[in-house]
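[1] mind folding the following:
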Amino acid sequence: MSNKILFGFHAVTVRLKTAPQSVLEVHHDPSRRDARMRQFVQRALDGGARLIESDDERLSQLAGNTRHQGVVARVTALPARHSIDDVLDEVEGPPLVLVLDGVTDPHNLGACLRVADGAGAHAVMAPKDHAVGLNATVAKVASGAAETVPYLMVTNLARSLNELKERDIRVVGTSEDAEQTIFEADLRGPLALVLGAEGAGMRQLTRKTCDTLVRIPMQGAVESLNVSVAAAVVLFEALRQRSR
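    The predicted structure follows:
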């Protein structure tokens, strides 16, 4: 199984918590002696991780950037769930899936994963040829959610959406020209929420595959939201309705 790099307090801490046996070594900046670093080092020790003191230059080389917060871990990749069926077969209650069509920025993907985790989504799905994959930047921005929310990249998004329909999961797309708002729509029950890339929106075939379209009511001069912000709005509206 291949190794990969995680960096930042949240990403590494979640891995230490959820799969400590997969953490091969943890590099940390010995010049940081604040409470957060002390707590992190103690958690790593408690988890049995191999601790290595590394200066900022070494940490930046490992992480591939300077936003490591003084913490970088080398870990083994966790076994991936290979299909949406693998995920949905384990779900108790009505599934909630976030579908991203054309999101290629790792910061946006990381933020979407973090939102999906917070709203209790069971998976995030994206097409292989129009999306960014999981990498260290995604994991850093996701603040641990990349470890907890399955991210499934599918060969044919429209076909995968139709497979969700066969499971009686409604596919609801978001579009600024939709007649119905998210507050008027029924977002309870088995649901897949589809968002397109900021600006371009969903591709036409994806749009046609949706059962219905909804929009976020915008009140000001701004016409659209960042995709991760939009994901938060629609997912938490779904959560609000489903919690009633």
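[2] now the longest helix along the chain: average pLDDT?
    When the chain is parsed with DSSP state H, its longest helix is helix 227-242. For helix 227-242, the mean pLDDT works out to 96.
[3] swap in stretch 125-138?
    Averaging pLDDT residue by residue across stretch 125-138 gives 89.
[4] give me the contacts around the longest helix of the chain.
    94, 96, 98, 100, 103, 108, 111-112, 114-116, 118-121, 174, 182-183, 186-189, 191, 193, 195-198, 214, 216, 224-225 (CB atoms under 8 Å, 6 or more residues apart in numbering). C-beta: built from backbone N, CA, C; applies to glycine.
[5] filter those residues to the buried ones?
    Neighbour-count burial (16 or more other CB atoms under 10 Å) is assigned, among those, to 96, 98, 100, 103, 108, 111-112, 114-116, 119, 121, 174, 182, 187, 191, 193, 195-198, 214, 216, 225.
[6] show me the residues you listed that map onto strands.
    Applying DSSP state E to those, the entries found in strands are 96, 98, 100, 174, 191, 193, 195-196, 214.
[7] redo those residues as CSV? Include pLDDT and distance to E147.
    Output for these, formatted as CSV (pLDDT from 0 to 100; distance: CB to CB, whole Å):
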residue, pLDDT, distance to E147
L96, 97, 19
L98, 98, 16
L100, 97, 18
T174, 96, 27
L191, 97, 24
L193, 98, 22
L195, 97, 22
G196, 93, 26
V214, 97, 30
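[8] could you work out the most separated pair of those residues?
    Spatial extent of those (CB to CB) is set by the pair L96 and G196 at 18.6 Å.
[9] give me the neighbour count for E179.
    Using other CB atoms under 10 Å, E179 has 10 other residues around it.
[10] tell me which residues touch the most far-flung residue of the chain relative to its centre, please.
    In the chain, the greatest distance from the average C-alpha position (CA atoms, centre = their mean) is reached by S31, at 31.8 Å. By CB under 8 Å, 6+ apart, the contact list for S31 reads 55-56, 70.
[11] can we see that at 10 Å?
    Shown in contact with S31 (CB atoms under 10 Å, 6 or more residues apart in numbering): 37, 53, 55-56, 70.
[12] so for it, what's the pLDDT?
    pLDDT recorded at S31 is 94.
[13] quick one: classify it as helix, strand or coil.
    Following DSSP: H, G, I helix; E, B strand; the rest coil, S31 is assigned to coil.
[14] low-confidence ranges, this protein, go.
    1-2, 79-82 (pLDDT under 70).
[15] most neighbours out of the contacts of S31, which is it?
    With neighbours defined as other CB under 10 Å, the most crowded of the contacts of S31 is G70; it has 21 neighbours.
[16] for G64, see how far away the spatially closest residue to that one that is not a sequence neighbour is.
    With sequence-adjacent residues excluded and distances taken as CB to CB, 6 or more residues apart in numbering, G70 is closest to D29, at 3.5 Å. Per CB to CB, to the nearest Å, D29 is found 16 Å from G64.
[17] what's the answer for V214, then?
    Distance from V214 to G64, counting by CB to CB: 38 Å.
[18] per-domain residue ranges of the chain.
    Split into domains by automatic domain parsing, the chain comes to 3-76, 84-242.
[19] how distant is the first one from the center of its chain?
    What it means is domain 3-76. Distance of domain 3-76 from its chain centroid, counting by CA atoms, centre = their mean, to the nearest Å, is 21 Å.
[20] roughly how far apart are the residue nearest the centre of the chain and A77?
    Geometric centre of the chain, nearest residue: L113, 1.6 Å, by CA atoms, centre = their mean. According to CB to CB, L113 and A77 sit 16 Å apart.
[21] so the residue nearest to the centre of the chain is in contact with K140, correct?
    No. At 11.1 Å, L113 does not count as touching K140 under the criterion of CB atoms under 10 Å.
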